[in-house]
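>>> Provided below for reference: sequence and predicted model.
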Amino acid sequence: MYVPYKIAQARALRRQGKLAEAEQELLEALQEEPGHSLVRAGLANLYLRQGRVLEAQVLVEDILTIDPHCAEAMAVRGEIASKERRWSEALEDFDQAWRIRPQPYLVLRRARNLKEMGRHAEALDVLDSALVADRENVGLLKEKALVLNRMQRWEEALDLYEKIKLLLPEDLFVGKEIIRLKGLSRAGDKVIDELKTAVGLCSKRDDAQLHGLLAQKLREAGQVQEAAAEYRTASNLAPENVYFLKQQGFCHYTLKQYDPALDCLARSFRSDPADYYVLAALEKIYTTLGRPEDFLALLEQTLSLHPHQRKLMGWIKKAKKRLSTE
């Protein structure tokens, strides 16, 4: 009973965000049973959550070599592929894990990958099938709303977000989406004025999602400098949300304000090196400024932080070749 107890303890700690303590529980379980696939898969999952992607990848491949039907290890391998935007590989792993051991969280993973692959109708089928038995699962409902948005089925998405709002009244993202969708039928200037009034209220002043929406509307209206300022506010309020930092960087890039653009885009790139658009923008800025050696240094630094990102090796090779011919 020792190992199952340790696994249960680790899962409880992980749900509480106590990753180091969860890791310790699993390491102690491994001392009891060194080859236990579930314990090792749980450890790989923790490594991934801690950003230790290479360690997670090595451990998962080792597990699957010994136990090729370990659904938990397949799911972690799918998570790694998903982080690297290898959507079809991730979907294959999630589907296979689902066939071996159906778990609720795999429904969401499968739907997300189908969405990212543009297979929206299939994503809806997966979500609707699960919602039949669990009608108020907010994770599934939010994902369905995102799929409906991708399909430009605005009214259905709005109705769904209104339903989610009743279940999660404090969810800032849901509130922002309701305002955004309602604003689609109104003039851009009117929406901007309403959002400016909203973020000026004490109750909404620290709402990163609303500041981000205001930034988006300002940018769409051609007010790029103002948009950059709002994205900066949103990023300061929600530093874990790299999207706001990226968009601030793109605003500065549009304005040819290269120094702040480099600061924002380089920071976001170190956090999410799989974003091709950020990478391409950085290359253009460094080329424009005549600083190809700094671009190479950024690539090498980012690869050291994310050694699993194999595509960076190709960019590094290309950057070195360009430097040698100059």
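Good, I have the coordinates.
>>> Dihedrals phi and psi, Pro102?
Torsion angles at Pro102 (phi, psi; degrees, to the nearest 10) stand at phi -60, psi 130.
>>> Contact partners for it?
Contacts for Pro102 (C-beta atoms under 8 Å, 6 or more residues apart in numbering) come out as none. For the C-beta atoms, the positions are set from N, CA and C on the backbone; glycine is no exception.
>>> which non-adjacent residue is nearest Lys204?
Ala198 (5.0 Å; C-beta to C-beta, 6 or more residues apart in numbering).
>>> So what touches the helix or strand hosting Glu92?
In the assignment (DSSP states H and E), Glu92 maps to helix 87-100. Here helix 87-100 makes contact (C-beta under 8 Å, 6+ apart) with 69, 71-72, 74-75, 77-79, 81-82, 103, 106-107, 109-110, 113-114, 116-117.
>>> Out of these, which sit inside helices?
Using DSSP state H, 71-72, 74-75, 77-79, 81-82, 106-107, 109-110, 113-114, 116 are the members of the contacts of helix 87-100 that sit in helices.
>>> next one: the host helix or strand of Lys318 to chain centre, how far?
Taking DSSP H and E as the criterion, Lys318 maps to helix 311-325. Relative to the chain's own centre, helix 311-325 is displaced by 27 Å; criterion: C-alpha atoms, centre = their mean, to the nearest Å.
>>> From Ile285, how far off is the one residue sitting closest to the centre of the chain?
Centrality entry for the chain: nearest residue to the mean C-alpha point is Lys83, 7.5 Å, by C-alpha atoms, centre = their mean. As judged by C-beta to C-beta, to the nearest Å, Lys83 and Ile285 stand 25 Å apart.
>>> circling back: show me how to select, in PyMOL, the buried members of the contacts of helix 87-100.
This is how PyMOL selects the buried members of the contacts of helix 87-100, with burial counted by 16 or more other C-beta atoms under 10 Å:
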select buried, resi 71+72+74+75+77+78+79+81+82+106+107+109+110+113+114+116
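>>> The closest residue to Asp263 other than its chain neighbours sits in which helix or strand?
Of all residues not flanking Asp263 in the chain, Gly249 sits nearest, at 7.6 Å (C-beta to C-beta, 6+ apart). Take DSSP H and E as the rule and Gly249 turns out to sit in helix 242-254.
>>> now the residue nearest to Lys204: how far from Lys311?
Counting by C-beta to C-beta - Ala198 and Lys311 are separated by 40 Å.
>>> which one of those two has more residues nearby?
Ala198 (19 against 14; other C-beta atoms under 10 Å).
>>> what sits against the more buried one?
Here Ala198 is in contact with 179, 204, 207, 210 (C-beta under 8 Å, 6+ apart).
>>> For those residues, which single residue is the most surrounded?
Leu210 leads the contacts of Ala198 on contacts (other C-beta under 10 Å) with 24 neighbours.
>>> can I get the CA coordinates of the strand or helix carrying that residue in PDB?
Per DSSP H and E, Leu210 falls inside helix 208-220. The C-alpha coordinates for helix 208-220 follow below in PDB (Å, rounded to 0.1, in the frame of the first residue of the first chain):
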ATOM      1  CA  ALA A 208      -5.600  42.300 -17.100                       C
ATOM      2  CA  GLN A 209      -8.100  40.700 -19.500                       C
ATOM      3  CA  LEU A 210     -10.000  43.900 -19.900                       C
ATOM      4  CA  HIS A 211      -6.800  45.900 -20.400                       C
ATOM      5  CA  GLY A 212      -5.800  43.400 -23.000                       C
ATOM      6  CA  LEU A 213      -9.200  43.700 -24.800                       C
ATOM      7  CA  LEU A 214      -8.900  47.500 -24.800                       C
ATOM      8  CA  ALA A 215      -5.400  47.100 -26.300                       C
ATOM      9  CA  GLN A 216      -6.700  44.900 -29.000                       C
ATOM     10  CA  LYS A 217      -9.500  47.300 -29.900                       C
ATOM     11  CA  LEU A 218      -7.100  50.300 -29.900                       C
ATOM     12  CA  ARG A 219      -4.700  48.400 -32.200                       C
ATOM     13  CA  GLU A 220      -7.600  47.500 -34.600                       C
END
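>>> surely Leu124 meets Asn149?
No - in this structure, Leu124 is not within contact of Asn149 by C-beta atoms under 8 Å, at 12.0 Å.
>>> packing partners for the helix holding Gly249?
helix 208-220, helix 224-237, helix 258-271, helix 276-288 (3 or more C-beta pairs under 8 Å, 6 or more residues apart in numbering; DSSP states H and E).
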